[in-house]
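S.K.: no sequence on this one, just coordinates:
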């Protein structure tokens, strides 16, 4: 499904975090945690990937939300696919709903402390 770049950034809650156009070199990575969950969002070249996983004590993780796609510069949109296993979206395979669920479920999460 095609989702406009600006629409996707808004659905993911990125408008205040990132002001870059897809396809620019360098990319962007966001990592958030809340103790039992980890969210990652990576924008690298024309590709975007957003995941939310439940962490467990045995180093295993369960994917709760995954969203991925490729940027189409001519359409200023991302061709996306996604899946929401959390039950937060009405259609668990609609990328717009999956992106909104990612934003809701990552609200209040913090960047992990980095050791030097």
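M.R.: Yep, that arrived. The model shown is predicted, which means the values in this text are computed figures rather than measured ones.

S.K.: from now on I want contacts and neighbour counts done on CA atoms only, so please keep to that.
M.R.: Fine.

S.K.: ok, residue 58 - how many residues close by?
M.R.: 6 (other C-alpha atoms under 10 Å).

S.K.: tell me the pLDDT at residue 44?
M.R.: Looking at residue 44, its pLDDT is 86.

S.K.: which one is it nearest to, not counting chain neighbours?
M.R.: Spatially, and ignoring its direct neighbours in sequence, residue 44 is nearest to residue 27 (4.3 Å; C-alpha to C-alpha, 6 or more residues apart in numbering).

S.K.: can you give me the strands for the chain?
M.R.: Counting by DSSP state E, the chain has strands at residues 2-4, 28-33, 37-44, 47-55, 61-72, 77-84.

S.K.: who touches the residue most central in space within the chain in this structure?
M.R.: Of all residues in the chain, the one closest to the mean position by C-alpha atoms, centre = their mean is residue 50, 2.6 Å from it. Taking C-alpha atoms under 8 Å, 6 or more residues apart in numbering as the criterion, residue 50 is in contact with 39-42, 65-68, 102.

S.K.: if we use 6 Å, what do you get?
M.R.: 40-41, 66-67 (C-alpha atoms under 6 Å, 6 or more residues apart in numbering).

S.K.: from the residues you listed, which is closest to residue 106?
M.R.: residue 40 (9.7 Å; C-alpha to C-alpha).
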